[in-house]
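Provide a 3D model corresponding to the input given below.
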Amino acid sequence: MSSSPVLKIDNLESYYGPIMAIRGVSLEVRQGQIVTILGANGAGKTTLLKTISGVMTPAKGTIELNNEPIAYLEADRIVKKGLVHVPEGREIFPLLSVYENVIIGAYTRNDKKQIADDLEMVYNYFPILKERGKQRAGTLSGGQQQMLAIARGLMSAPKVMLLDEPSLGLSPLLVEEIFTILKRLNKEQGVTMLLVEQNARVALGVADYGYVMEIGRIVMADDAKKLAASKDIQAFYLGVSEAGERGQKRYKQRKTWR
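This is a model prediction of the structure:
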């Protein structure tokens with residue numbers, strides 16, 4: 001894994017009108033990593049991703065992709081540089097076919113042979129999309145639409161993929177399936193990911209490193225395993241208290257005695 005960050009953010013500030021939503025955020029994502037950002041509703045996670053991807057313009061700070069500044073570029077130019085944003089709520093094109101939605105992801109590219117290869121790669125990870133290729137995207141289930149949004153992002157051949165709440169509104173079984181695929185894409189295809197997720201348990205289960213946001217600031221950062229073991233994280237994000245832990249230990253002991 002590279003020792004230098006592929007995505008580096010320093011002292012970033014972003015506003016909604018007069019309201020400061022991002023307050024001096026700094027973070028790094030290294031090549032080949034999955035980095036997660038945890039936080040409650042209103043912490044600024046989605047705003048941070050929108051600012052990184054050019055949907056919002058920062059008021060202050062720097063964003064670098066492979067040591068190249070991208071903070072004040074238009075969103076389409078940032079995609080061409082190799083950073084793609086899979087937004088919260090999927091935002092697919094419901095009246096277009098599944099295939100049309102997927103192939104739109106490659107609109108900035110002209111390498112036809114590699115596009116065809118990448119399309120087959122995407123279908124290998126999401127075979128249901130090939131099966132439903134002619135179907136209108138809006139008729140897919142929520143889980144299938146999330147797969148479609150990820151597949152569309154992959155077709156841009158990203159250096160870094162930003163994912164905003166991929167578990168939103170999905171059943172636990174579908175969440176497990178999608179995060180298993182994300183982990184495979186990271187390990188097998190080397191896709192670097194910055195993942196915003198309220199489901200802290202599943203996010204920390206796939207991530208290498210994590211940040212915790214509160215009210216627009218980074219308040220904690222560490223290896224994902226260390227964050228998962230933190231009492232604060234367990235209490236606030238994983239729903240585990242010391243009393244609950246003692247109860248679980250007693251339950252396991254009783255099962256052993258039986």
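
Please make it C-alpha for all contacts and neighbour counts, starting now.
Will do.

Next, Gly32: secondary structure please.
Three-state call for Gly32 (DSSP: H, G, I helix; E, B strand; the rest coil): coil.

and the gap between it and Lys231?
28 Å (C-alpha to C-alpha, to the nearest Å).

who's more crowded, the two?
Neighbour tally, Gly32 and Lys231, criterion other C-alpha atoms under 10 Å: the higher count belongs to Gly32, 20 against 15.

Disregarding residues adjacent in the polypeptide, which is nearest to the more buried one?
Excluding the flanking residues, the one nearest Gly32 by C-alpha to C-alpha, 6 or more residues apart in numbering is Thr192, at 4.7 Å.

how about the helices in the stretch 51-200 of the chain?
Assigned by DSSP state H, counting those that start in this stretch, the helices in the stretch 51-200 of the chain fall at 75-81, 98-104, 112-125, 127-131, 142-154, 172-189, 200-206.

Check those helices for me and report the most buried one.
With neighbours taken as mean count of other C-alpha atoms under 10 Å, the helices of the stretch 51-200 of the chain reach their highest mean count in helix 142-154, at a mean of 24.

Relative to the whole chain's centre, how far out is that helix?
The chain centroid and the centroid of helix 142-154 are separated by 12 Å under C-alpha atoms, centre = their mean, to the nearest Å.

Equivalent analysis for stretch 217-225, please.
Centroid separation between stretch 217-225 and its chain, computed with C-alpha atoms, centre = their mean, is 16 Å.

cool, and stretch 26-41?
The answer for stretch 26-41 is 8 Å, by C-alpha atoms, centre = their mean.

Other residues contacting it?
With C-alpha atoms under 8 Å, 6 or more residues apart in numbering as the test, stretch 26-41 has contacts from 1-12, 45, 186-187, 190-198, 200, 203-204, 206-214, 218.

What residues sit buried inside that stretch?
Buried positions in stretch 26-41, judged by neighbour count with 16 or more other C-alpha atoms under 10 Å: 26-40.

what about this protein, any weak spots by pLDDT?
The model of the chain has pLDDT under 70 over residues 1-3, 239-258.

Settle this for me: Ser48 is touching Met20, isn't it.
One thing to correct before we go on: residue 48 is Leu, not Ser. No - using C-alpha atoms under 8 Å, Leu48 is not in contact with Met20; the gap is 11.6 Å.

tell me, what's touching the two both at once?
Contacts common to Leu48 and Met20, judged by C-alpha under 8 Å, 6+ apart, are Ser14.

Give me the more crowded residue out of the two.
Taking neighbours as other C-alpha under 10 Å, Leu48 and Met20 compare with Leu48 leading, 23 against 15.

which residues touch the more buried one?
By C-alpha under 8 Å, 6+ apart, Leu48 lies in contact with 14, 22.

Please spell out the PyMOL selection for the buried subset of the contacts of stretch 26-41.
Selection of the buried residues among those in PyMOL, burial being defined by 16+ other C-alpha under 10 Å:
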select buried, resi 5+6+7+8+9+12+45+186+190+191+192+193+194+195+196+197+198+200+203+204+206+207+208+209+210+211+212+213+214+218
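
Out of the contacts of stretch 26-41, which sit inside strands?
Mapping the contacts of stretch 26-41 onto strands (DSSP state E) picks out 5-12, 192-196, 209-214, 218.
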